[in-house]
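Asker: Dropping a prediction and its sequence here:
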Amino acid sequence: QVQLQESGPGLVKPSQMIDLTCTVSGDSITTNFYAWGWIRQTPGKGLEWMADIHSTGYTFYLPSLKSRASISRDTSRNQFSLKLSSVTPEDTAVYYCVRGSKWHYDYWGQGTQVTVSS
């Protein structure tokens, strides 16, 4: 069974960085042509797709976040990560790591709440 587990900072101050990691079990992030990504949920905007890293290593970003976001992976640990810089309170959200194919995301982590506040 595929399982994804997020880890994150919980609370971040404005202008700092959110650093999230997703640990995957039951599948390899380098095989089967899946995309591994991040989706966040905020009360105001609902669900927002942020970025993917494909099993081939190609990366894709929401254009409005591309200047602040960086997705990467550690294949030895079967983990992938997202860094989001220069955060503001608008980045407060529940962040989910996901597995998908052709924009259909079939496995989700439980989500981790990140609050941006001074």
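Answerer: Perfect, I can see it now.
Asker: only C-alpha atoms for contact and neighbour calcs from this point on.
Answerer: OK.
Asker: What segments of the chain are helices?
Answerer: Secondary structure of the chain (DSSP state H): no helices present.
Asker: Tell me who's in contact with T115.
Answerer: G10, L11, V12, P89, D91, T92, A93 (CA atoms under 8 Å, 6 or more residues apart in numbering).
Asker: Tell me the one among those residues nearest to S25.
Answerer: G10 (22.8 Å; CA to CA).
Asker: Confirm for me that that closest one is in contact with Y95.
Answerer: No: contact criterion CA atoms under 8 Å: G10 and Y95 do not qualify, at 10.4 Å.
Asker: Now the contacts of T115 in a markdown table, please, with extra columns for neighbour count.
Answerer: Output for these, formatted as a markdown table (neighbours: other CA atoms under 10 Å):
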| residue | neighbour count |
| --- | --- |
| G10 | 15 |
| L11 | 14 |
| V12 | 21 |
| P89 | 15 |
| D91 | 20 |
| T92 | 20 |
| A93 | 23 |
